[in-house]
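# Quick one, what's the 3D model for this:
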Amino acid sequence: MPAVPPAAATEVAPITVIIPTKGHPVLLDDAIAAVHREMASGAIRRLVVIDDGCTHDETRASIASWQAIMGETMLALHYPNGGLSAARNRGIKAALAADPDIDAILLLDADNTLTEGAGAACLRALARHPDHDWFYPDFDFFGQKGHYIVDRDPSLLFHAHLNICEAGSLIRRRVFEAGIRFDEAMKKGYEDWDFWLSAAAAGFRGLPLAEPVLLYRKRPASMLSHSHDLDGELRRFLESKHRWLFSCPKLLALEAERFPRYAIIEGNSAILCTDPDHAEPITLAELERRYFAHFAEPYAHHAPSLLIVLREGVSARLKQARLLRNFLWICERRQARRVASDLDLFFLDLSETGHVISNDCGNPERPADGMVLGLDGLRRLAGWGDIGWIRDVERAPNPHPVSSWGIEIDGMSPLPPQTDSAGELMRGFLLAMHRSRFRPALEQQWRWREPGGASSRAMAVEIPRKLCSGGVVFPLLKQPGRKDIGLVLPIFDFGGVEKVAASLARELAAAGHRLHLFVASDRPIHGDGWALQSFETVNWLPDPATLDWSGPEYMGTAEPAWGEGMERADLVGLLGSMDAVINAHSAATHKVSDRLRRQGVLMIDHEHLVERSIYGRNYGPPKLALAYEHAYDLFLTCSHGLAGWLNAQGMPRNKLMPVVNAPGYPIDPDRVRTVLEERGRAVATSPLRVLFMGRLDPQKGVARLATIYAGLAQQLPEIQLAIAGQAIVDNPVEINMPPQTRQMGAMRGPRALTGLLLQTDVMVLPSHYEGLPLSVLEAQRLGVVVLATDVGAMREAIEDGVNGFVIPEEDCEAAFVQRILALHADRASLRRVSETASASVRDWASSAAPLLDWLAGHWEEPVCRKRQMNAHERTI
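Coordinates of the predicted model:
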């Protein structure tokens, strides 16, 4: 229910105080006496006391005595014990019924007491702040000494971190009229925290009283201390109940709104941001002031947790390559995991072989393109007196203890010459900090209360991490009306799995979603010209151990050794802002899939290939997928055959969806028609042109290929033989091919592949095992006649003798040779099969349609739920 608009007038009706009691028969007298004293000022009209089944005779005697003194100004209620929440709710109901015109209710526990003048202070707060809905006091203790401040500038982000509001707060009537009550099922504590979050969910806002109104009795043992013993359990309950707040996207948005995570200095300008697409320009002088304000009073002032200094042009090149958010995430992760020294150097270079990441670039004799300094490190330097240390920051190699890393960007334009290095820019800012007029403020003490009821503003970056077990959260803010989908792969070297991921991303992006590529390793990323175009961001989890297959086995398939310490938490943080994650053979992602799913992320696994050992035993990613069936909402397969295999292995049928492969790169239909026309004119010519295209790994039958090519060369010396590809999964092996064989290496990019297939009549694929190879579909689209062994889902693409040929595995080498010789002799059959092949190929739009429908069904929300989420956008 939305908040009731505040009253237009600033005059307020008197206040009602509610005191629930159970077990404090003597202390209750002090609480009531303080209320009675404040009634004399006219601020408090009525007291409601709820006897919650107290077993002490003194309680009833005390209530009766005060009733005789106060008469109608005190309402006494007696109930069987129902718990603190029930007692408060009963008091609220009675107070609202007794005085329809009161503006607010003040809650007071029976062992606490009001300060002198508390009633007048409450009236002043109500009159001065008509647009606020409740007012919470500082913590002034008696019994045990203690005086704690509370948040002076309240934030829903920090209220998700800890309860910043004491239950003994002043609450306007409109909060209760909106139906907000204490949860009577909460018997173990934190019911007041839950109450404030429920009020915030309805759009209400709180404000500190900032005046002493409540004296809180502090004892070594209490109900609250028991609640702290159960902190983990109670927090999990709150997180589950208040999903609207406890999600990575929501907490990240709250952080970005008021507590930007990064300060980025580039050239002579600076910005503050969490998501770099939502940046605030700031002068260097103002940035300096903000840092010192935080250092002097961290509980009142925020400063970014990371200072990043970049040579001019670095951010533009990272953004153009879609790597900027990942750069920021890695900078932050290196600081959080203590991989980085106080000074973390960054180097940006040109690559001509794909995007490359290095976790350690040493300390070279070249100026750094970036420098990163954490908040703690900056605090130490700001108070340090050694100006010589600061002057040496720009030297190369750097004389201080440093760490380093770097990125090489494919096809990057050079950085502008004659621009200041990151070291020069860092030196200038640190010298300004050292000479700042604000430095003396660090020697002053600015508060007399302890910060027990407030948090350092430096904690802002930590709060979203709590949902990820401490993992660093990816700096991506939501766009209204769009869903974020992450595709995770162990490598992106542009084999079949990568082409499928890129093609699927293209269809999902065309449907209006934002796509993000995550490579769960430190391997290079090869975009092949078009494959990265559909992705909003491109990202590494740069951990080499994700590909270290020395972990435990499941059904004969090993997992990576990766996943210790905070590694899993950081992967949850990297993916936790996604609405859906599609895992394409990343075993590391399996290890966090259940956690992400419980956080509300739709988890989808995409399987492509059952591998086969030299002993004929099945293993590989689909086997591991079976181990994590419980952690996924849906399993995609590249073929109907693989879906049937998984179902036979125990995968529920309703979790399986074939998204049958289509050609692995886009091509203009007019270009296809032109190629087919050219092929029709050339098919009768000699010699026959034969191609193997794929990875030069044992799986693809490269040893068989050598025998096939040798037989063809012997019987048709004029035949043209070609090999396009390189070893990717396994180490290259020496294979003897006939002298006329052209070995062209890896062919990348649609233009090169199309040109290669245009010069091919027959493609051979003598694999030992397969899924549904994209090379077959790409060749068929352009009229190439494909001969392939009868493995995997080949028969879903090839109808033997109609649009290609399927060769039984036994003695397949001789069968390949005989079939090609037959086609060489019968060019009419070659043309017929070629034409049928080109007409039989599907496209990705039809293949992806079932997945798009499934996602739309899961993301449709009732109108009432959407309205409720809009109300959540307000902060307390």
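
# Am I right that residue 249 sits in a helix?
Yes: counting by DSSP: H, G, I helix; E, B strand; the rest coil, one finds residue 249 located in a helix.

# For it, the count of nearby residues, please.
Other residues near residue 249 come to 18 when the count uses other C-beta atoms under 10 Å. To be clear about C-beta, it is placed using only N, CA and C from the backbone, and glycine gets the same treatment.

# show me the contacts for it.
Counting by C-beta atoms under 8 Å, 6 or more residues apart in numbering, residue 249 makes contact with 477-478, 577.

# in stretch 824-843, what counts as buried?
824, 830-831, 833-838, 840-841 (16 or more other C-beta atoms under 10 Å).

# and this protein, what are its domains?
15-241, 249-466, 484-658, 669-841 (automatic domain parsing).

# any idea of the mean pLDDT for the longest one?
Yep, that's domain 15-241 we're talking about. Domain 15-241 shows a mean pLDDT of 90.

# Ok, the shortest one next?
Per-residue pLDDT over domain 669-841 has a mean of 89.

# That domain: end-to-end distance?
Across domain 669-841, the terminal residues are separated by 12 Å (C-alpha to C-alpha, to the nearest Å).

# what's the offset of it from the middle of its chain?
Centroid separation for domain 669-841 versus its chain: 42 Å, with C-alpha atoms, centre = their mean, to the nearest Å.

# Residue 180 - how many residues pack around it?
22.

# can you pull the contacts of it?
Here residue 180 is in contact with 195, 198-199, 202, 204 (C-beta under 8 Å, 6+ apart).

# let's go with 6 Å and repeat that
For residue 180, the contacting residues are 198-199, by C-beta atoms under 6 Å, 6 or more residues apart in numbering.

# do you know how far it is from residue 288?
Plainly put, residue 180 is 43 Å away from residue 288 if you go by C-beta to C-beta, to the nearest Å.

# do residue 592 as well
40 Å.

# Look at these two and report which has more neighbours.
Neighbours were counted for residue 592 and for residue 288 using other C-beta under 10 Å; residue 592 has more, 31 against 20.

# Against which helices or strands is the host helix or strand of the more buried one packed?
Following DSSP states H and E, one finds residue 592 within helix 587-598. Counting contacts by 3 or more C-beta pairs under 6 Å, 6 or more residues apart in numbering; DSSP states H and E, helix 587-598 is packed against helix 567-575, strand 602-607.

# List of residues touching the next helix or strand after the first one?
Downstream of helix 567-575, the first helix or strand assigned by DSSP H and E is strand 580-583. Contacts of strand 580-583 from elsewhere in the structure, counted by C-beta under 6 Å, 6+ apart, are 485-488, 575, 589, 601-606.

# Look at the closest residue to residue 696 other than its chain neighbours and give its secondary structure.
Spatial nearest neighbour of residue 696, chain neighbours left out: residue 727 (4.5 Å); criterion: C-beta to C-beta, 6 or more residues apart in numbering. Secondary structure, three-state DSSP: residue 727 is coil.

# burial measure for residue 727, as a count.
When neighbours are defined as other C-beta under 10 Å, residue 727 has 15 of them.

# What of residue 164?
Residue crowding around residue 164 was assessed by other C-beta under 10 Å; the count is 22.

# tell me which element it is part of?
Secondary structure (DSSP H and E) places residue 164 outside all helices and strands.

# Do I have it right that it meets residue 153?
No: with contact defined as C-beta atoms under 6 Å, residue 164 does not reach residue 153; the gap is 10.4 Å.

# Need the overlap of contacts for these two.
Shared contacts of residue 164 and residue 153 (C-beta under 6 Å, 6+ apart): none.

# Okay, helices next: where are they in the stretch 451-600 of the chain?
Taking DSSP state H, counting those that start in this stretch, the helices of the stretch 451-600 of the chain run over residues 463-466, 496-510, 567-575, 587-598.

# To residue 818, which of these lies closest?
With C-beta to C-beta, the closest approach to residue 818 among those belongs to helix 496-510: 28.1 Å.

# for that closest one, packing partners?
Using 3+ C-beta pairs under 6 Å, 6+ apart, helix 496-510 is in contact with strand 484-489, strand 514-519, helix 844-859.

# between the last one and helix 496-510, how many degrees?
Taking axes from the mean of the first three to the mean of the last three C-alpha atoms, to 10 degrees, one finds that helix 844-859 is oriented at 60 degrees with respect to helix 496-510.

# Alpha carbons only: can I get the helix holding residue 592 in CSV?
Only the C-alpha atoms of helix 587-598 are listed here, as CSV (Å, rounded to 0.1, in the frame of the first residue of the first chain):
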residue,chain,number,x,y,z
ALA,A,587,32.4,-26.3,-14.7
ALA,A,588,33.3,-23.4,-12.4
THR,A,589,29.8,-22.0,-12.9
HIS,A,590,28.3,-25.3,-11.8
LYS,A,591,29.8,-24.7,-8.4
VAL,A,592,27.8,-21.4,-7.9
SER,A,593,24.7,-22.3,-9.8
ASP,A,594,22.6,-23.3,-6.8
ARG,A,595,23.6,-20.1,-4.9
LEU,A,596,22.7,-17.9,-7.9
ARG,A,597,19.4,-19.7,-8.4
ARG,A,598,18.4,-19.2,-4.8
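
# Please shift the residue numbers so they start at 27 in all later answers.
All right, first residue 27 from here; so that's helix 613-624.

# Going by neighbour count, which residues of it are buried?
For helix 613-624, by 16+ other C-beta under 10 Å, it's 613-619, 621-623.
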